[in-house]
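Engineer: I'd like to go over a predicted model; first the sequence, then the structure.
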Amino acid sequence: MNNINKGKSPFYPGQPVPIEFFIGRMNEIERIRRSLKQVELGKPQMIFLTGEYGIGKSSLAGFMKYWAEKDNHILGIHVLLGSAESLEDIAIKTVETVIKTRIYESTIPEKIRNFLSKYIGKQELFGVSINLKELKADGPDISQGYLSFLQELLNRLKDDGIKGIMLILDEINGITNNPQFAHFIKTLVDENALNSTPLPLMLMLCGVEERRRDMIQHHQSIERIFDIVEIKPMDKSEMKDFFTKTLNSVDMKITKEAMPFLCHYSAGFPKIMHIIGDAVFWIDKDNIVNEADAISGVLAAADEVGRKFVEIQVYNALHSKDYHSILAKIGKENISLSFQKTTIEEKLSSIEKRKFNNFLQRMKRLKVLKSGDEFGEYIFNSRLVSLYIHLNSIKDKKVNP
Ligand SMILES: Nc1ncnc2c1ncn2[C@@H]1O[C@H](COP(=O)(O)OP(=O)(O)O)[C@@H](O)[C@H]1O
Ligand SMILES: [Mg+2]
């Protein structure tokens, strides 16, 4: 493909979206801005930002952090907990994040560096390195005095007009299983509320609903602590807006006929929108995305999703030959997002029929399918996955005996 002359792709599959490419989410933004205003006025707020994988939690959190700093004079700390499993890990990651936070206002970075100088290694050309040995040694103390740490941080920045702190704990998959985490959060919130002057804190957790349930299981009152902000799939106008604006940013246009393809297969999932958009960006040759570009883009994206996800997690996980042939029959029948169990059943051999229920359960556990609202209805979690399975069933003998 002759795409050496293409500039930088404006699509970001797999990364939170940069502020300038952020699209939509008006209601959620309004809701969170209301809370930020409360924090600015001194009242702590707790939000659990939820929604499925790839729906845009980290992106929205990052976007709100930007506004919190700009509009509310609230310092944002976006902690990606990732592999954190203990409270010490949380403390360490938090300090690291504070040290590495990019703030361009003159004296704030210097004050942060002074406050945390003990944990800073040598100054490097593009930022600071962390003295992990010192930081690890102090991890337990910092986690025990977590609220005081935040309070002290704010105190040092008050003269710069900073009025509060937005603490985003993101990627909490590794930590919610630890019963101590729910207690840690509960204690943090309670201690703060009991202070004579509470820290103006926006505490935002980002995670799928199952993680919130984990926490509630360990501490019932987590349910009452947080306001829930749920991110849903984008609607058609948000999707259109996304493709139009993102392509326009690199002087590309999209035809009226091409748009429905991109929207249909993205089905409101920002993650898929970026994968498809990126594929289209590289396929297009004349800066006008037409129907043919859109179709090629969707197929290329399906292929990519297929290689990364479907092959490994679905085909390889389904060792049974019968499972593969059931999947192929579903694929042949189906290019839409959902199917009725009975429709597929009619096409199955008697052996396949006997295995069908187990197959469906298995697919649910693999997060490929979920139950629909109607009885006997099954829905693919991702349209691209269903498309890939469909294409595979037509072209690939292996799964189409
Ligand atoms: N509002 C948005 N506008 C544009 N792209 C978005 C938006 N929200 C999310 N994305 C993109 O969707 C993908 C998944 O977003 P992310 O924030 O990582 O989701 P989550 O944290 O829920 O898993 C990323 O590629 C990101 O760039
Ligand atoms: Mg995320």
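Structural biologist: Sure, I can see it. Ligands and ions are numbered 1, 2, ... in the order given.

Engineer: ranges for the strands of this structure?
Structural biologist: Taking DSSP state E as the test, the strands found in the chain are 45-50, 74-80, 120-124, 127-130, 164-170, 201-206, 227-230, 253-254, 288-289, 338-340, 369-371, 377-380.

Engineer: looking at the ones you listed, which is buried most?
Structural biologist: Among the strands of the chain, strand 201-206 has the highest mean neighbour count (mean count of other C-beta atoms under 10 Å), at a mean of 25. All C-beta atoms are positioned from the backbone trio N, CA, C, and that covers glycine.

Engineer: and that strand, what other elements does it pack with?
Structural biologist: Strand 201-206 makes packing contacts with helix 26-40, strand 45-50, helix 57-72, strand 164-170, helix 179-194 when contacts are defined by 3 or more C-beta pairs under 8 Å, 6 or more residues apart in numbering; DSSP states H and E.

Engineer: who are the contact partners of the residue of the stretch 51-200 of the chain found nearest ligand 1?
Structural biologist: Nearest residue of the stretch 51-200 of the chain to ligand 1, counting by C-beta to the nearest ligand atom: G56, 2.8 Å away. Residues near G56 by C-beta atoms under 8 Å, 6 or more residues apart in numbering: 17, 25, 231, 270.

Engineer: with G76 instead?
Structural biologist: For G76, the contacting residues are 64-66, 68-69, 101, 165-166, 168, by C-beta under 8 Å, 6+ apart.

Engineer: can I get these in a markdown table with distance to ligand 1 and pLDDT?
Structural biologist: Shown next, in a markdown table, are the contacts of G76 (distance: C-beta to the nearest ligand atom, whole Å; pLDDT from 0 to 100):
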| residue | distance to ligand 1 | pLDDT |
| --- | --- | --- |
| M64 | 11 | 97 |
| K65 | 12 | 96 |
| Y66 | 13 | 94 |
| A68 | 17 | 96 |
| E69 | 18 | 93 |
| T101 | 19 | 84 |
| I165 | 21 | 97 |
| M166 | 16 | 98 |
| I168 | 11 | 98 |
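
Engineer: turn the residues you listed into JSON lines, including distance to F149.
Structural biologist: Below are those laid out as JSON lines (distance: C-beta to C-beta, whole Å):
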{"residue": "M64", "distance to F149": "22"}
{"residue": "K65", "distance to F149": "19"}
{"residue": "Y66", "distance to F149": "23"}
{"residue": "A68", "distance to F149": "19"}
{"residue": "E69", "distance to F149": "20"}
{"residue": "T101", "distance to F149": "14"}
{"residue": "I165", "distance to F149": "10"}
{"residue": "M166", "distance to F149": "15"}
{"residue": "I168", "distance to F149": "16"}
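
Engineer: what about the chain, any weak spots by pLDDT?
Structural biologist: Where the chain drops to pLDDT under 70, the residues are 1-5, 104-106, 123-126, 334-335, 394-401.

Engineer: which parts of it sit against ligand 1?
Structural biologist: Within the chain, the positions near ligand 1 by C-beta under 6 Å from any ligand atom are 12-17, 21-25, 51, 53-59, 242, 270-271, 274.

Engineer: what subset of these is buried?
Structural biologist: 12-13, 16-17, 22-25, 51, 54-59, 242, 270-271, 274 (16 or more other C-beta atoms under 10 Å).

Engineer: in the stretch 101-250 of the chain, what residue is nearest ligand 1?
Structural biologist: Closest point on the stretch 101-250 of the chain to ligand 1, by C-beta to the nearest ligand atom, is F242, at 5.7 Å.

Engineer: dump the strands of the chain to JSON lines, plus distance to E110.
Structural biologist: Converted to JSON lines, the strands of the chain look like this (distance: least, C-beta to C-beta, whole Å):
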{"stretch": "strand 45-50", "distance to E110": "29"}
{"stretch": "strand 74-80", "distance to E110": "14"}
{"stretch": "strand 120-124", "distance to E110": "12"}
{"stretch": "strand 127-130", "distance to E110": "11"}
{"stretch": "strand 164-170", "distance to E110": "18"}
{"stretch": "strand 201-206", "distance to E110": "23"}
{"stretch": "strand 227-230", "distance to E110": "34"}
{"stretch": "strand 253-254", "distance to E110": "46"}
{"stretch": "strand 288-289", "distance to E110": "47"}
{"stretch": "strand 338-340", "distance to E110": "57"}
{"stretch": "strand 369-371", "distance to E110": "51"}
{"stretch": "strand 377-380", "distance to E110": "52"}
